[in-house]
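> let's see this in three dimensions:
(2 chains, ligands or ions: 2)
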Amino acid sequence: MERDPIVLAERALGGHQGAGARLIRMLEEGDEGATEGLRAVLPSAGRAHLLGVTGPPGAGKSTLVDRMAAEYRRRGSRVGIIAVDPSSPFTGGAVLGDRVRMHDHAADPGVFIRSMATRGQLGGLARATFEATTVLDAMGYDVVLIETVGVGQDEVDVADLAHTTVVVSIPGMGDDVQAIKAGILEIADLFVVNKADLPGADRVAKHIGAALHMRAAPIDAWQPPILMTEAERAGGIVDVIDGIDAHRAHLRSSGGLDRKVIRRRERVFHDVLRERAAARALACAPRQGAEILSAMRSGELDPYTAVEALLGVEA
Amino acid sequence: MANRKIRVLLAKLGLDSHTVGITVIAGALRDAGMEVIYTGLRQTPDMVVQAAVQEDADVIGISSLSGAQMQHIPKLLDRLRSAEADDKLVVVGGVIPDEDAAELKAAGVDEVFTMGARTEDIATFIRTWWEAERR
Ligand SMILES: Nc1nc2c(ncn2[C@@H]2O[C@H](COP(=O)(O)OP(=O)(O)OP(=O)(O)O)[C@@H](O)[C@H]2O)c(=O)[nH]1
Ligand SMILES: [Mg+2]
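Ligands and ions are numbered 1, 2, ... in the order given. Got it, this is the predicted structure:
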């Protein structure tokens, strides 16, 4: 298969899924040449609504995303999905299983699903995910859903990339901890309490409502709705999509969309800067770099001095 | 380019519902540093091809324990060719009689691993192919 990023970009814009997939792959690998391909598709991007879906492991995110995609298809939209799962910190491998819940779209060319591993790199989630959403956006997918597991930092990361962030909770996980966990209230544009068929869902919703009530007034005056779903049997999905549409309309009329777009650009700028500056600092003097690294490992140099030494090396 | 990974799509075709073998393989390939996209049960050849294209999988692994491999796999190979995605490595594992294995390989399957195969050997086979063919 072709590996010329410009050719790939042209074909992807023409609707060729394999070309889009290969471009995403090269970008994910950190191939600097692939940036040319990204630049070539950028002018066509900017139309899609970017939707983050985050929540604890097993909350039903993939099932929900699958049902949301079905509803978007019914409404005539083409749907991109990026499903992010963690890489193993020990082997760097991953088992990406989100597609298992997305069978209904597996033969529908109007739905493009890409599984993505975090690959454990600094800012890796944000950069690779940003680039993949940009490619799918440029290819004409009207909505791009990004599924991330909400453990640690990832849910906050996805909020930097998405226009609308859906936070999924479920009953039976210690309601208080879940609802009030730092950062979650601030990033959620919509709360979904999934598995509403299980006991305790009402209590989860109440806890979220109470916590929302206590927080500082949001800058953009949007009140995140709290919606109940039974993703398994596709219950409550229409309300979720209507809620997202309402948020999107609000973003447009309030100027919030511009703020989100700026935040997204800034986030990507800093991620790429960090990644490339670090790579170049290490590559510009491979021999001294290796010496500094080994002195740092042995404790001869502390990490701070080692960084200063590396940055001081003349290329 | 330190971040190149082998991407393997694992699927089961048709009504075959034995998941133990494919789960073991998925874990072994992950432990060998690969990214395994597990698509689950009841896939059709068209579903596998679309998934493999969208995921840019290097390798397609089909687990077959139902004896229906001769019904589905030639169709899969055919669909891969028409999608111009036949540069991917196709491996089949499971309960495969010798004569079926020979026929599958003649039809374009790159390798067949029967029940006794060690997971390390499967991982090594994939890595060797990838290093030679792909990069
Ligand atoms: N009772 C009940 N179970 C559900 C519902 N929605 C999903 N599930 C089940 O929850 C389990 C996990 O679903 P997934 O969609 O894989 O959850 P996930 O959040 O994507 O999981 P990870 O990606 O592994 O974090 C599956 O067994 C689903 O069948 C629901 O509305 N009610
Ligand atoms: Mg999932």
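> make it CA atoms for all contacts and neighbour counts henceforth
OK.
> can you point out the buried residues in the longest helix along chain B?
Determined from DSSP state H, the single longest helix within chain B is helix B:69-82. For helix B:69-82, a neighbour-count test (16 or more other C-alpha atoms under 10 Å in any protein chain shown) marks B:69, B:72-74, B:76-77, B:79-80 as buried.
> which two in those residues are spaced the farthest apart?
The span of those, defined through C-alpha to C-alpha, is set by B:Gln69 and B:Leu80 at 16.0 Å.
> near chain A, which residues of chain B are found?
B:1-4, B:26-27, B:29-41, B:46-48, B:50-51, B:53-56, B:87 (C-alpha under 8 Å from any C-alpha of the partner chain).
> thinking again about what came up before, could you dump the buried residues of helix B:69-82 to JSON lines with distance to A:Asp239?
Listed next are those as JSON lines, based on distance: C-alpha to C-alpha, whole Å:
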{"residue": "B:Gln69", "distance to A:Asp239": "43"}
{"residue": "B:His72", "distance to A:Asp239": "40"}
{"residue": "B:Ile73", "distance to A:Asp239": "41"}
{"residue": "B:Pro74", "distance to A:Asp239": "44"}
{"residue": "B:Leu76", "distance to A:Asp239": "39"}
{"residue": "B:Leu77", "distance to A:Asp239": "42"}
{"residue": "B:Arg79", "distance to A:Asp239": "38"}
{"residue": "B:Leu80", "distance to A:Asp239": "39"}
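> switch the residues you listed over to CSV; also include distance to ligand 1 and pLDDT.
Conversion of the buried residues of helix B:69-82 to CSV gives the following (distance: C-alpha to the nearest ligand atom, whole Å; pLDDT from 0 to 100):
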residue, distance to ligand 1, pLDDT
B:Gln69, 28, 73
B:His72, 27, 89
B:Ile73, 28, 93
B:Pro74, 31, 92
B:Leu76, 27, 95
B:Leu77, 30, 96
B:Arg79, 29, 95
B:Leu80, 28, 96
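> out of those residues, which is nearest to A:Leu161?
Using C-alpha to C-alpha, these come closest to A:Leu161 at B:Leu80, 34.3 Å.
> identify the residue spatially nearest to the closest one, adjacent ones excluded.
What sits nearest to B:Leu80 in space, not counting adjacent residues and going by C-alpha to C-alpha, 6 or more residues apart in numbering or on different chains, is B:Asp86, at 5.1 Å.
> quick one: secondary structure of the one you found?
Here B:Asp86 is recorded as coil under DSSP: H, G, I helix; E, B strand; the rest coil.
> distance of it relative to ligand 2?
With distances taken as C-alpha to the ion, to the nearest Å, B:Asp86 is found 29 Å from ligand 2.
> that residue - how many residues pack around it?
For B:Asp86, the count of nearby residues is 17 (other C-alpha atoms under 10 Å in any protein chain shown).
> wait, doesn't it sit right on B:Leu77?
Yes: taking C-alpha atoms under 8 Å as the definition, B:Asp86 is a contact partner of B:Leu77 at 7.4 Å.
> next up, the contacts around the residue of chain A found nearest chain B.
Scanning chain A for the residue nearest chain B gives A:Gly93, at 3.8 Å (criterion: C-alpha to the nearest C-alpha). A:Gly93 makes contact with A:87, B:29-36, according to C-alpha atoms under 8 Å, 6 or more residues apart in numbering or on different chains.
> distance to B:Thr119, neighbour count and secondary structure added to these, as TSV?
Shown next, in TSV, are the contacts of A:Gly93 (distance: C-alpha to C-alpha, whole Å; neighbours: other C-alpha atoms under 10 Å in any protein chain shown; DSSP: H, G, I helix; E, B strand; the rest coil):
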residue	distance to B:Thr119	neighbour count	secondary structure
A:Ser87	20	22	coil
B:Leu29	8	25	helix
B:Arg30	11	25	helix
B:Asp31	10	19	helix
B:Ala32	10	19	coil
B:Gly33	13	20	coil
B:Met34	13	26	coil
B:Glu35	15	27	strand
B:Val36	14	28	strand
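> quick one, grab the pLDDT at the residue nearest the centre of chain B.
Central residue of chain B (C-alpha atoms, centre = their mean): B:Gly61, 1.1 Å from the mean position. Looking at B:Gly61, its pLDDT stands at 96.
> part of a strand, is it?
Yes: under three-state DSSP, B:Gly61 falls within a strand.
> if we can go back for a sec, and of the buried residues of helix B:69-82, the nearest to A:Ile81?
Set against A:Ile81, the nearest of those by C-alpha to C-alpha is B:Leu80 (22.6 Å).
> ok, the closest one touching B:Met47?
No: using C-alpha under 8 Å, B:Leu80 is not in contact with B:Met47; the gap is 10.9 Å.
> near ligand 2 at all, stretch A:110-120?
No: no part of stretch A:110-120 sits close enough to ligand 2 to count as contact by C-alpha under 5 Å from the ion; the gap is at least 10.0 Å.
> render the CA-only coordinates of that stretch in CSV, please.
What follows is stretch A:110-120 as a C-alpha-only set of coordinates in CSV (Å, rounded to 0.1, in the frame of the first residue of the first chain):
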residue,chain,number,x,y,z
GLY,A,110,-21.0,5.2,6.5
VAL,A,111,-19.3,4.3,9.8
PHE,A,112,-15.5,4.4,10.1
ILE,A,113,-14.2,2.8,13.3
ARG,A,114,-10.6,3.1,14.3
SER,A,115,-9.3,1.4,17.5
MET,A,116,-6.3,3.2,19.0
ALA,A,117,-3.9,2.3,21.8
THR,A,118,-2.6,5.0,24.1
ARG,A,119,1.0,3.8,23.5
GLY,A,120,1.9,5.3,26.9
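> having no further points to raise, I will conclude here.
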